[in-house]
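>>> sharing a model that was predicted from the sequence below.
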Amino acid sequence: MNIPLLFESAEFIREYALIGWIIGILAVLSIVRRIRWNRGRYRIFHLRWAVFIILCVSLYVASVGIARNAVFLTTQVKPVKEAITLFIWQDASKSSLARDVPMSVDTGEKKSVRYISRHAMAKKEISELLPDLMDNKVFFGIFGDEAYPLVPLQLMTARSIANFRAELEQITEKTVARMDQGTNIGRVLIATADQIPPPSFFEDESVSCTPHVIVILTDGEPVGDQGALSKDLEEGTYRIRRIRCVSIFLIGIGDPDKPSRIPILNERGDPTGEYETGKDEKGREGIMPTKPNFKFLYEIAKTVGGEFIDGRSGNELKIALKDILGRTRRVVDYKSEVERFFLARYLAASMLVILLLINPIRNFFS
């Protein structure tokens with residue numbers, strides 16, 4: 001049911017008044033255009049047309065009174081989705097410094113493409129996702145050869161989102177350059193399992209299931225002691241699969257089609273023009289290339305019962321993370337919200353349309 005309320009918004013009053021001035025000026029110009037000079041006096045042609053203009057102005061004044069003193073309320077029923085517990089892990093191994101992620105840059109005259117690091121792209125996408133995390137519990141950490149928690153699990157409010165963003169900004173490429181080489185996803189799974197309370201495990205089926213979402217942004221290149229990596233991955237998989245209502249998403253970053261070089265940064269975090277070196281499989285020394293291993297990530301996703309998402313350009317990553325929240329959060333209730341429906345702009349627009357139709361209407365009655 002619609003209920004009239006006091007019209008309070010100055011914004012709509014200004015908008016309505018502006019359109020009123022436009023109507024008045026156009027009406028005056030239309031009248032003047034039909035004035036003839038006759039023996040020193042002005043005379044308006046077609047009295048009926050002049051009366052019609054007066055009626056339009058009167059209608060406008062009346063509509064102002066209606067719009068200034070009434071709005072309508074409409075009731076919208078919207079779903080209420082349950083909160084989730086989200087764990088975000090960002091790969092901070094040295095390979096994330098490789099600049100193989102294209103980004104479109106609009107210079108005004110034409111668009112160009114520049115390449116940013118895998119780290120910068122993942123950081124940008126996480127930052128843009130933060131407003132969508134309101135009212136959910138979120139954890140954030142980085143990993144290389146080990147997993148390092150940075151933002152403890154907490155409910156996202158406007159204040160905690162600001163703190164989260166500030167913490168995220170502290171993780172720069174200079175920070176990554178000081179990290180040890182390695183990409184140990186097994187340690188990420190183990191650290192995540194440590195953050196989830198025992199009631200979420202299968203042993204206690206009587207407790208309601210809280211959705212847990214684990215998002216791992218990585219290039220997936222397994223660098224380090226392969227035996228140790230396999231052992232950690234096996235343990236992490238075992239512990240994660242014992243958790244109820246858990247969804248795991250591995251998001252691949254970088255270009256898997258070609259190897260890239262890892263730049264060496266100076267103390268300020270700027271590239272020096274040199275690149276990381278190492279030994280290849282044959283023991284030869286040279287520049288150490290890095291190439292994302294999406295096949296490896298896909299296999300891990302299958303092992304842990306998760307999903308792999310190709311996020312090489314960054315656009316897929318943003319869509320995927322929002323889609324994760326949309327698919328995982330269940331509707332638990334419905335609530336009614338009242339929305340205001342202001343008449344001012346619609347009445348003013350109607351008056352402008354009528355003014356444009358003055359000539360056809362006048363010709364019809366002539």
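Structure received.

>>> how many other residues sit next to Ala228?
14 (other C-beta atoms under 10 Å). To be clear about C-beta, it is placed using only N, CA and C from the backbone, and glycine gets the same treatment.

>>> equivalent analysis for Arg329, please.
Arg329 has 17 nearby residues by other C-beta under 10 Å.

>>> and it, how far is that from Val151?
Separation of Arg329 from Val151 (C-beta to C-beta, to the nearest Å) stands at 20 Å.

>>> for His212, same thing?
From His212 to Val151 the distance is 16 Å (C-beta to C-beta).

>>> higher neighbour count, those two?
Neighbours per residue, other C-beta under 10 Å: of His212 and Val151, the larger number sits with His212, 23 against 16.

>>> tell me the contacts of the closest residue to that one other than its chain neighbours?
Of all residues not flanking His212 in the chain, Val246 sits nearest, at 4.4 Å (C-beta to C-beta, 6 or more residues apart in numbering). Contacts for Val246 (C-beta atoms under 8 Å, 6 or more residues apart in numbering) come out as Ser200, Pro211, His212, Val213, Ile214, Ile240.

>>> one more pass at 7 Å, please.
Residues counted as contacts of Val246 (C-beta atoms under 7 Å, 6 or more residues apart in numbering) are His212, Ile214, Ile240.

>>> also Asn184?
By C-beta under 7 Å, 6+ apart, the contact list for Asn184 reads Phe143, Asp145, Glu146, Gly224, Leu229, Asp232.

>>> name the member of those residues with the most neighbours.
When neighbours are counted by other C-beta under 10 Å, Phe143 leads these with 24 neighbours.

>>> and that one, what pLDDT?
Phe143 carries a pLDDT value of 92.

>>> again, but for the one 5 residues further on
According to the model's per-residue confidence, Tyr148 sits at a pLDDT of 91.

>>> isn't it right up against Gly141?
Yes: Tyr148 lies in contact with Gly141 (C-beta atoms under 7 Å); the separation is 5.8 Å.

>>> so the two - more neighbours on which side?
Gly141 (19 against 14).

>>> among the contacts of Asn184, which lie within helices?
Leu229, Asp232 (DSSP state H).

>>> specify which member of the contacts of Asn184 is nearest to Ile300.
Taking C-beta to C-beta as the measure, Ile300 lies nearest Leu229 of the contacts of Asn184, at 10.9 Å.

>>> residue contacts, that closest one?
Asn184, Gly186, Pro222.

>>> how near is the last one to Asn184?
For Pro222, the distance to Asn184 equals 8 Å [C-beta to C-beta].

>>> thanks a lot, see you next time.
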